[in-house]
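A.B. asks: 3D model of this:
(4 chains)
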2 protein chains.
Amino acid sequence: MKPPGLARRIRADLEARIRSGALNPGDRLPTEQALMAEYGCARMTVSKAIGALAGAGLVTRNRRAGTLVAHPHVQTAVLEIPDIAETIAALGETYAFRLLARGVRGTVGQDARETALSPVGPLLDLRGLHVAGGSPFALEERVIDLAAVPDARSADFSGQAPGSWLLKHAPWTEARHRIGALAASPAEARALDIRTGHACLMVERWTFRLGQGVTFVRQIFPHERYELTAEFRN
Amino acid sequence: MKPPGLARRIRADLEARIRSGALNPGDRLPTEQALMAEYGCARMTVSKAIGALAGAGLVTRNRRAGTLVAHPHVQTAVLEIPDIAETIAALGETYAFRLLARGVRGTVGQDARETALSPVGPLLDLRGLHVAGGSPFALEERVIDLAAVPDARSADFSGQAPGSWLLKHAPWTEARHRIGALAASPAEARALDIRTGHACLMVERWTFRLGQGVTFVRQIFPHERYELTAEFRN
DNA sequence: TCATAAATAATGTCTAGACAATAATGGGGA
DNA sequence: TCCCCATTATTGTCTAGACATTATTTATGA
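C.D. replies: Purely as a prediction, here's the structure:
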C-alpha cells in the first residue's frame, strides 16, 4: 500500500515520538543536521519530513532556535452535518417533509443573517418541518437566492426537503456554520409541538458558490431529538 | 509579513485558479514542466508548491496522468473547539476559573459517559466555573483518569482551568465530541446564575491517548453567551 | 480484432550543495 | 550592570540533476 520513502519514514518516526509522549510540547526536535546523520540522507529529505509535520501543525520551526513540538491550543474536529432526511433514515424511522410556507420576495430584508449572504436576485422563502416517525423532528427556515439557483423557483418542495434538492442542483464552494442553543419561541414551539421556552439545538448555515450567496438555512431541533457528534484524530 | 518564496507564490496562484473556477474539479493542472517554464524555476520548487496543494486536499497527483483538481468531498466542516480561557481572552474580557468541587475516587461509576472512557486508574472529579468579565460563562464537569495523567493529582486547579492545564501536560491523539442543547437543571442553573430550564449549549468531549482514555468533560453554556462556528471551504 | 509488449509522459523521491534570513548567544564597552 | 554588536547555529529556500515508479499510449504480432 505505502511505498517506502525515507522522508515519510522520518516523518512517521518523529510523529510517533511526539504522540507517544517521548517528546512533549515545547521540546526540541533533533536538528536537521543530527537527523541527516542519523538517517544518512540529504538535508532536503529531513526538511521535507519536518515540513510535513509543520504543515500538520504538530511542530513549529524556528530559525536558530530549532524545531519545537507545538503546544496544542485548539481542538479541531471534523464535523459532519448530514442531510436530515438521511439522518432520520439511518435511525430507521420514516421521514417526511411538510412545507409550511413559501413565498418569493424581490427585496432583501435587513436581517443580519440574510444580508450576510449578500444576495443579488429575488429571494425564495421556505419554511418547513422535518417529521420523523410521525412527530416533528426539526423546523427549518430557508432563504434561497434565485439568482444563484433559478431552478428553485419551479421546484416542488411540498414533499422533498429543499436541503436534499439543493445538494443535487446547487454546487457550493464555501459554507459557514453557527451552532448554538435557543429557547423555542411561541411560533417555533407550536410548529414543533413543544412548550415555549423549550431548549433547542440550533444550526445555521450559509452556503456560497465562488463568494456568491446561494442559501441560508436555520434548523431548530428539540434538544432531546438530535445532537451533533464529531470524531477527531490528529 | 509574508516572505517572498517562489514556491508559495506558485501555490497561491494555482489555488486562486481553482477557487475562482478557472480550473474546475477534474481539470488538469499544467504539468510541472510547463510550470517550470512559466516561472523559470527548478522542478523541486514547482513540486513543493503542488505538494502543498495536494496536502491540503485540493488536488490529486497521478503519475503519467498529471495533477487533477480534486472533486469536493462530503459536507464536512472543520470545527474548532478552542480553550475557553483563550476564547474569553480573545473577546477582550477578563477570565477566571473557580473550582467548585474536587474529589478522588477509586471506583468507576456506571455512567455511560464515564465508561466510554474505559478508565483504568483512580479518577479525579472536578467541577468548576469559567467566569468572563465577572459573570458565569460556562459550567464544567470533568473526570480525569489519574492512571493516564498522574500529575493531575497534585495540580492546583483553583485558579487554572483543568482544560488549559491538560493541554500542556497531557497530549492526546483522538477525541470524540457530542454537541447538543439542554435545559438547565436546578443545580446547573444555580451555578450559572440563570433560571432552571434555561436553554443551554452543551459540549461533551472524550479525549484519548493511544486508545487509552484521558479525560471526559461536559461544558454547559447559557445559550446567549456562546456558540460554535465552523468555516468550510471545499 | 485483440492481446501483449514497448515507448513515453508524467509524477515521486532523493542528492549535494549554495546562499539567505533569523534569532539566540556571548563579548565588549559605557 | 546593562546595552549594543558581532558571532554563530539553525532553519528557509532554491538549483540542476538523477533515477524510480506508474499509468497511458502506441506499436507489434498472433
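A.B. asks: which stretches of chain A form strands?
C.D. replies: With DSSP state E, the ranges of strands along chain A come out as A:59-62, A:66-69, A:74-80, A:95-105, A:123-132, A:135-145, A:174-183, A:199-209, A:212-222, A:228-233.
A.B. asks: which among those is found nearest to DNA strand C?
C.D. replies: Nearest to DNA strand C among the strands of chain A is strand A:59-62; the distance by CB to the nearest atom of the strand comes to 5.7 Å. Any C-beta I mention is one placed from the backbone N, CA and C, and that applies to glycine too.
A.B. asks: circling back: let me have the strands of chain A in TSV, extended by distance to B:Leu139.
C.D. replies: Shown next, in TSV, are the strands of chain A (distance: least, CB to CB, whole Å):
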stretch	distance to B:Leu139
strand A:59-62	34
strand A:66-69	32
strand A:74-80	19
strand A:95-105	35
strand A:123-132	31
strand A:135-145	27
strand A:174-183	14
strand A:199-209	15
strand A:212-222	22
strand A:228-233	20
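A.B. asks: which of those strands comes out lowest on mean pLDDT?
C.D. replies: Lowest mean pLDDT within the strands of chain A: strand A:74-80, at a mean of 68.
A.B. asks: ok so, going back, among the strands of chain A, which is nearest B:Ala49?
C.D. replies: When the strands of chain A are ranked by proximity to B:Ala49, the top entry is strand A:59-62, at 18.2 Å, counting by CB to CB.
A.B. asks: can you give me how far stretch A:47-55 is from the chain middle?
C.D. replies: A distance of 27 Å separates the centroid of the chain from that of stretch A:47-55, by CA atoms, centre = their mean, to the nearest Å.
A.B. asks: can you give me the end-to-end distance of stretch A:97-117?
C.D. replies: Stretch A:97-117 has an end-to-end distance of 25 Å (CA to CA, to the nearest Å).
A.B. asks: ok, and what's touching it?
C.D. replies: A:85, A:119, A:122-131, A:143, A:145-146, A:153, A:157-161, A:176, A:191, A:204, A:206, A:208, A:213-216, A:218 (CB atoms under 8 Å, 6 or more residues apart in numbering or on different chains).
A.B. asks: out of those, who's near chain B?
C.D. replies: Restricting the contacts of stretch A:97-117 to those within reach of chain B (CB under 8 Å from any CB of the partner chain) leaves A:Arg176.
A.B. asks: need the contact list for A:Pro72.
C.D. replies: A:25, A:234, B:167, B:171-172.
A.B. asks: between those residues, which is nearest A:Ala89?
C.D. replies: Using CB to CB, A:Asn234 is the member of the contacts of A:Pro72 that lies nearest A:Ala89, at 31.5 Å.
A.B. asks: picking that back up, which of the contacts of A:Pro72 fall in helices?
C.D. replies: Secondary structure from DSSP state H places B:Leu167 of the contacts of A:Pro72 in helices.
A.B. asks: any chance of JSON lines for the contacts of A:Pro72, columns neighbour count?
C.D. replies: Compiled in JSON lines, the contacts of A:Pro72 are given as follows (neighbours: other CB atoms under 10 Å in any protein chain shown):
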{"residue": "A:Pro25", "neighbour count": "17"}
{"residue": "A:Asn234", "neighbour count": "16"}
{"residue": "B:Leu167", "neighbour count": "20"}
{"residue": "B:Pro171", "neighbour count": "22"}
{"residue": "B:Trp172", "neighbour count": "23"}
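A.B. asks: DNA strand D contacts on chain A?
C.D. replies: Contact residues of chain A with respect to DNA strand D, defined by CB under 7 Å from any atom of the strand, are listed as A:3, A:29, A:31-33, A:43-44, A:47, A:50-51, A:54, A:61-67.
A.B. asks: and the one residue sitting closest to the centre of chain A, how far from A:Gly134?
C.D. replies: Taking CA atoms, centre = their mean, the centroid of chain A lies closest to A:Leu79, which sits 5.1 Å from it. Between A:Leu79 and A:Gly134 the distance, using CB to CB, to the nearest Å, works out to 29 Å.
A.B. asks: skipping its backbone neighbours, what lies nearest A:Ile18 in space?
C.D. replies: Leaving aside its sequence neighbours, A:Ile18 sits nearest to A:Val69 (CB to CB, 6 or more residues apart in numbering or on different chains; 5.5 Å).
A.B. asks: no wait, A:Leu35
C.D. replies: On the basis of CB to CB, 6+ apart, the spatially nearest residue to A:Leu35 that is not a chain neighbour turns out to be A:Val46, at 4.4 Å.
A.B. asks: wouldn't that neighbour be in contact with A:Arg9 here?
C.D. replies: No. Taking contact to mean CB atoms under 8 Å, the distance of 11.2 Å between A:Val46 and A:Arg9 leaves them out of contact.
A.B. asks: what touches both of those two?
C.D. replies: With contacts defined as CB under 8 Å, 6+ apart, the residues shared by A:Val46 and A:Arg9 are A:Tyr39.
A.B. asks: of those two, who's got more company?
C.D. replies: Legend: neighbour count by other CB atoms under 10 Å in any protein chain shown for A:Val46 and A:Arg9, higher for A:Val46 (25 against 15).
A.B. asks: enumerate every residue touching A:Arg225.
C.D. replies: A:132, A:137-138 are the contacts of A:Arg225 under CB under 8 Å, 6+ apart.
A.B. asks: again with A:Asp83
C.D. replies: Counting by CB under 8 Å, 6+ apart, A:Asp83 touches A:161, A:163-164, A:167, B:75.
A.B. asks: got JSON lines for those, with distance to DNA strand C too?
C.D. replies: Conversion of those to JSON lines gives the following (distance: CB to the nearest atom of the strand, whole Å):
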{"residue": "A:Ala161", "distance to DNA strand C": "40"}
{"residue": "A:Gly163", "distance to DNA strand C": "36"}
{"residue": "A:Ser164", "distance to DNA strand C": "36"}
{"residue": "A:Leu167", "distance to DNA strand C": "31"}
{"residue": "B:Gln75", "distance to DNA strand C": "27"}
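A.B. asks: thanks a lot, see you next time.
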